[in-house]
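S.K.: Sequence and predicted structure below; questions after.
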Amino acid sequence: MSQLLEVSGISVSFDGFKAINNLSFSIGHAEMRAIIGPNGAGKTTFMDIVTGKTKPDEGSVLWGDLSRNLIGMNEAKIARIGIGRKFQRPTVFEDQSVFDNLMIAVRNDRSPLAVLFFRPKTKDNDKVHELASTIGLSQELMRKSGELSHGQKQWLEIGMLLAQDPKLLLVDEPAAGMTLGEREHTTDILKEAAKTRAVVVIEHDMEFIRRLDCKVTVLHEGSVLAEGALDHVTKNQDVIDVYLGR
Amino acid sequence: MKNSFFMKNPSLLVFLGLLALFTLGVTLMSEAYGSGLVSTSFVKTLGKTLCLALVAIAMDLVWGYTGILSLGHFAFFGVGGYMIGMWLMYARTEIIVVNSMASAPIPPTASELSDAIGSQIFGVVGSSDFPAIWMFADSLVLQLFMVVLVPGLVALVFGWLAFRSRVTGVYLSILTQAMTLALSLYLFQNDSGLRGNNGLSGLQNLPGADNIPQSVISIWFLWGSALALALTYIATSFVVSGKFGSVIRGIRDDEARVRFLGYSVEGYKLFVFVLTAIMAAIGGALYYPQAGIINPAEIAPIASIYLAVWVAIGGRGRIYGAVIGAVVVSLVSTWFTGGQAPNINLGFYVVKWVDWWQVLLGLSFVLVTLFAPKGIGGLVDLFTGRLAPSRKGAPLGPDAGSLREEEAEK
């Protein structure tokens, strides 16, 4: 089976600082992957490159069975072909209801005219309700999302990603600031999502990653330091030196 | 029924009702159709105020809803006025010239006629040739198209260049000011083809309506302005109520999130920018025949800043807020600058409102921004109970849920 996303040999530097250095990474169609690494290892920059926010100086990012090159596409187009991204800080539209937040994300024609005359059909409403129950916000649909707790906002943002029906989900620190119970729920949502699509999770919390129970990629100074099962990489001496030992 | 258009926009029916009552009331008190309590010049002031409310709605849509602080929408308003002014001036001059030449022993040829009209219109700037931009001025229909097309195209080109380069925030505001300044400086030139700083005048005289008194025409324009305002209100309510409204408010609050959801943020901004430019131009095309004259000073950058002040004072992000702001500020301004406000004698200094009104306006803008960011329109929330919880203080973190510091202390 061919890979869904193949990143090969990308490098990018900001004012001479090499944030990503000859990094290669690939993920299959229905796979969960965790990325860990110390601060400044280039985890978020890696997501910026895949989602089109940052252009790499060299290397290629190939997508899907047709191996389309994503470099040079804008963020909106990359999002439309099936890459969803969750930011580190929960970003939802706080002034709008949970329902509207999900409806705006549901996969539909995104062009201005189509959106202007858009009227939600039964399947759109059903999709919103289904997502709301997945992320545990069925009771909160009509509340303004700004009133939600931090953890609920994180779920709502994950729900918005799922609504886009992406083939690849990039999730940046989903468990930050969550209680233990909320973390478990988050794990469940992500594991469920990974059954049908690829999910990449950036996380610092080792317990959280252990529960995700997936292959782990360790980044350090912009390139891959180690890759494999969590137990395998945590025994790796390099990983202990640069990350776990600190 | 719960999701019907009117239920989603409760202010719409109230607004349309009030507007109808107002228009009817003014008509019944006018010199032409009623008791004559309201003078014709005040009817014109009221009609013009409705046009200002229209352009304020456009400003609210682009700024209050989409978050683009454009300081150039009054330029589109002025361009709309110029476009209709060209026809008004041409058609009326044509009638006058034809009449005066009719008594000549030899009937004038077409080119003589055109020269005579040209020297009548452009005599003040020392020219008699029609510039190319006047080529459609003899046709009302074509010139009405120009009212929509010219500002629309200017907005399209400008917006495309600006949004494509992802210019946002204060830089975009400065850019729109620069556009406005450039346009007004260009129009000030005598060879711009629009009579330089003389502008276009005599616009209150409708061609072929010489025996209809101004008192009647002013009521026609009042009705026309009210109709245009009502349609703009309905159209804007439609734009902001559905998913489109959701997307543009999303762009205002978090542009990057909208982009990563797969929406072309630049396309949406351009759409709104062009749409509101056209709305503004229609407002201008109704305003200047009532004002009677348009000159480049109308397009000066300060006018567009006033527009932002109206919307801020009235309340951004709600359509009636823009209307309230434009109506209140422009009527109060008329009162103060018209010499009707009594001077205040402080003994050592006499406060003349004609001079001090601007200071008062500036001060109220600062105070509204600091202490009542919702503007006058925010008062409506007191009645509808739409009060948002005061969310001051830092988030408390996961355990206290959504409460923030000060809320939790209660």
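M.R.: Received it, and whenever you're ready, just let me know what you need. All values reported here derive from a predicted model rather than from experimental measurement. Numbers count the residues shown, from 1 in each chain, chains lettered A, B, ... in the order given.
S.K.: secondary structure class for A:Val200?
M.R.: Here A:Val200 is recorded as strand under DSSP: H, G, I helix; E, B strand; the rest coil.
S.K.: tell me, how many neighbours does it end up with?
M.R.: 26 (other C-beta atoms under 10 Å in any protein chain shown). Bear in mind the C-beta positions are built from the backbone N, C-alpha and C, glycine included.
S.K.: what about it, distance to chain B?
M.R.: Per C-beta to the nearest C-beta, to the nearest Å, A:Val200 is found 15 Å from chain B.
S.K.: Once you drop chain neighbours, what's closest to residue 51?
M.R.: I went with chain A, as the question did not name one. With C-beta to C-beta, 6 or more residues apart in numbering or on different chains as the criterion, A:Thr51 has its nearest non-adjacent residue at 5.0 Å, and that residue is A:Arg85.
S.K.: nope, chain B
M.R.: Using C-beta to C-beta, 6+ apart, the closest residue to B:Cys51 is B:Tyr287 (3.8 Å).
S.K.: isn't that neighbour right next to B:Thr45, touching?
M.R.: No. Counting by C-beta atoms under 8 Å, B:Tyr287 sits too far from B:Thr45 to count as a contact (11.1 Å).
S.K.: residue contacts, residue 167?
M.R.: Picking chain A for this. A:4, A:29, A:64, A:82-83, A:197-198 (C-beta atoms under 8 Å, 6 or more residues apart in numbering or on different chains).
S.K.: please go with chain B instead
M.R.: Contacts of B:Val167 by C-beta under 8 Å, 6+ apart are B:Leu175.
S.K.: And the residue of chain A that's closest to chain B?
M.R.: The minimum distance from chain A to chain B, using C-beta to the nearest C-beta, falls at A:Ala79 (3.6 Å).
S.K.: ok, B:Tyr287 and B:Thr45, which is more surrounded?
M.R.: Using other C-beta under 10 Å as the criterion, B:Tyr287 and B:Thr45 rank with B:Tyr287 on top: 27 against 18.
S.K.: Mind pulling the model confidence for that one?
M.R.: Looking at B:Tyr287, its pLDDT stands at 97.
S.K.: Could you pull out the strands in chain A for me?
M.R.: A:5-14, A:17-27, A:32-36, A:58-63, A:68-69, A:83-86, A:168-172, A:198-202, A:215-220, A:223-229 (DSSP state E).
S.K.: just these: most buried one?
M.R.: strand A:83-86 (a mean of 27; mean count of other C-beta atoms under 10 Å in any protein chain shown).
S.K.: related to what we said a few turns ago, kindly list the main-chain dihedrals of the closest residue to the residue of chain A closest to chain B other than its chain neighbours?
M.R.: Nearest non-adjacent residue to A:Ala79, counting by C-beta to C-beta, 6+ apart: B:Gly262, 3.6 Å away. With angles defined as degrees, to the nearest 10, B:Gly262 sits at phi 100, psi 10.
S.K.: just checking, B:Gly262 touches A:Ala163?
M.R.: No. Using C-beta under 8 Å, B:Gly262 is not in contact with A:Ala163, being 10.7 Å away.
S.K.: Comparing the two, which residue is more hemmed in?
M.R.: A:Ala163 (26 against 22).
S.K.: Need the CA coordinates for stretch B:356-372. PDB is fine.
M.R.: Extracted in PDB, the C-alpha atoms of stretch B:356-372 (Å, rounded to 0.1, in the frame of the first residue of the first chain):
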ATOM      1  CA  TRP B 356     -16.000  73.000  18.800                       C
ATOM      2  CA  TRP B 357     -18.300  70.400  17.400                       C
ATOM      3  CA  GLN B 358     -15.400  68.500  15.800                       C
ATOM      4  CA  VAL B 359     -13.700  68.400  19.200                       C
ATOM      5  CA  LEU B 360     -16.900  67.000  20.800                       C
ATOM      6  CA  LEU B 361     -17.200  64.400  18.100                       C
ATOM      7  CA  GLY B 362     -13.600  63.300  18.500                       C
ATOM      8  CA  LEU B 363     -14.000  63.200  22.300                       C
ATOM      9  CA  SER B 364     -17.200  61.100  22.000                       C
ATOM     10  CA  PHE B 365     -15.400  58.700  19.600                       C
ATOM     11  CA  VAL B 366     -12.600  58.200  22.200                       C
ATOM     12  CA  LEU B 367     -15.100  57.700  25.000                       C
ATOM     13  CA  VAL B 368     -17.200  55.200  23.100                       C
ATOM     14  CA  THR B 369     -14.200  53.300  22.100                       C
ATOM     15  CA  LEU B 370     -12.900  53.100  25.700                       C
ATOM     16  CA  PHE B 371     -16.100  52.700  27.700                       C
ATOM     17  CA  ALA B 372     -18.800  51.500  25.400                       C
END
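S.K.: quick one, strands of chain B?
M.R.: Going by DSSP E, chain B shows strands at B:200-201, B:293-294, B:344-345, B:350-351.
S.K.: Which strands or helices does the lowest-mean-pLDDT helix or strand in chain A pack on?
M.R.: Lowest by mean pLDDT, DSSP states H and E among the helices and strands of chain A is helix A:237-239, with a mean of 84. If contacts are counted by 3 or more C-beta pairs under 8 Å, 6 or more residues apart in numbering or on different chains; DSSP states H and E, helix A:237-239 sits against strand A:223-229.
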